[in-house]
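Colleague: no sequence for this one, just the structure:
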């Protein structure tokens with residue numbers, strides 16, 4: 001464990017001052033809500049546009065998910081536990097992003113399916129590289145760069161997948177590729193022989209977890225629950241394609 005901190009070139013947990021604040025103790029977690037005016041204004045605008053949109057259900061759902069990730073105590077908990085941070089990222093990447101993609105106005109179909117997959121996957125993997133992850137948790141500006149790039153690239157990916165004008169087979173391939181790379185990253189985190197992140201070098205101990213167990217839990221979250229949205233969307237696209245095929249042959 002000390003090697004992780006030493007090799008990172010960064011000091012112990014007390015050095016980290018993330019956007020979500022210092023790691024909270026378990027007994028006071030529910031007192032740690034984030035009422036950042038910038039975040040509340042953004043969510044208020046999203047709520048306003050959702051209420052005025054014919055796609056208000058997806059807009060309201062996306063607003064609720066973003067409220068959970070950035071305003072609820074999950075934000076503070078993610079400063080302490082890597083598993084909570086991964087749950088935070090999974091909510092952004094596989095729940096909020098597809099909801100926002102479905103809520104956004106429909107535009108002409110693009111031919112950037114491969115680019116959307118490569119860019120979104122690369123951004124996900126890059127931000128989970130230990131040096132960049134630790135940097136993001138020690139600098140508010142880098143933290144927001146991480147959050148914005150994860151969310152925007154994921155919205156791009158899901159807009160391509162959900163585009164009904166795109167061949168269903170292509171969307172199915174994209175969802176399979178997406179769940180594969182997500183599961184692979186989760187497996188790497190689960191089976192890593194030692195803790196990788198200096199930002200969570202000791203805070204998990206207050207929650208009854210060793211840093212390695214916390215990292216393994218994070219990997220399982222990314223390995224199993226995170227792939228469920230891909231399976232659901234892939235099955236929906238497959239059902240749509242099958243229904244269209246039946247209609248043409250009827």
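Modeller: Noted; the coordinates are in hand. Keep in mind that this is a model prediction, so the values were computed, not measured.
Colleague: pull out the buried residues from the helix or strand where residue 242 lies.
Modeller: Assigned by DSSP states H and E, residue 242 falls within helix 228-249. Residues of helix 228-249 classed as buried by neighbour count (16 or more other Cβ atoms under 10 Å): 229-230, 233-234, 236-237. (Each C-beta comes from the backbone N, C-alpha and C, glycine too.)
Colleague: for the closest residue to residue 130 other than its chain neighbours, give me phi and psi.
Modeller: Nearest residue to residue 130, sequence neighbours excluded (Cβ to Cβ, 6 or more residues apart in numbering): residue 196, at 4.7 Å. When quoted as degrees, to the nearest 10, the phi and psi of residue 196 stand at phi -110, psi -20.
Colleague: pretty sure residue 196 is touching residue 216, no?
Modeller: No: assessed by Cβ atoms under 8 Å, residue 196 is found out of contact with residue 216, at 11.1 Å.
Colleague: which residues are in contact with each of the two?
Modeller: residue 189 (Cβ atoms under 8 Å, 6 or more residues apart in numbering).
Colleague: neighbours of residue 113, how many?
Modeller: 20 (other Cβ atoms under 10 Å).
Colleague: same check, this time on the one 10 residues further on
Modeller: For residue 123, the number of neighbouring residues by other Cβ under 10 Å comes to 20.
Colleague: also the one 10 residues further on?
Modeller: The burial count assigned to residue 133 is 22, neighbours taken as other Cβ under 10 Å.
Colleague: now do residue 163
Modeller: Neighbours of residue 163 (other Cβ under 10 Å): 18.
Colleague: that one contacts residue 171, doesn't it?
Modeller: Yes: assessed by Cβ under 8 Å, residue 163 is found in contact with residue 171 at 7.4 Å.
Colleague: would you mark the buried spots in the host helix or strand of residue 47?
Modeller: Using DSSP H and E, residue 47 maps to helix 37-52. Buried residues in helix 37-52, counted by 16+ other Cβ under 10 Å: 39, 43, 46-47, 50.
Colleague: what of stretch 81-94?
Modeller: Applying 16+ other Cβ under 10 Å to stretch 81-94 flags 81-94 as buried.
Colleague: got it, and stretch 136-144?
Modeller: Neighbour-count burial for stretch 136-144 [16+ other Cβ under 10 Å]: 136-139, 142-143.
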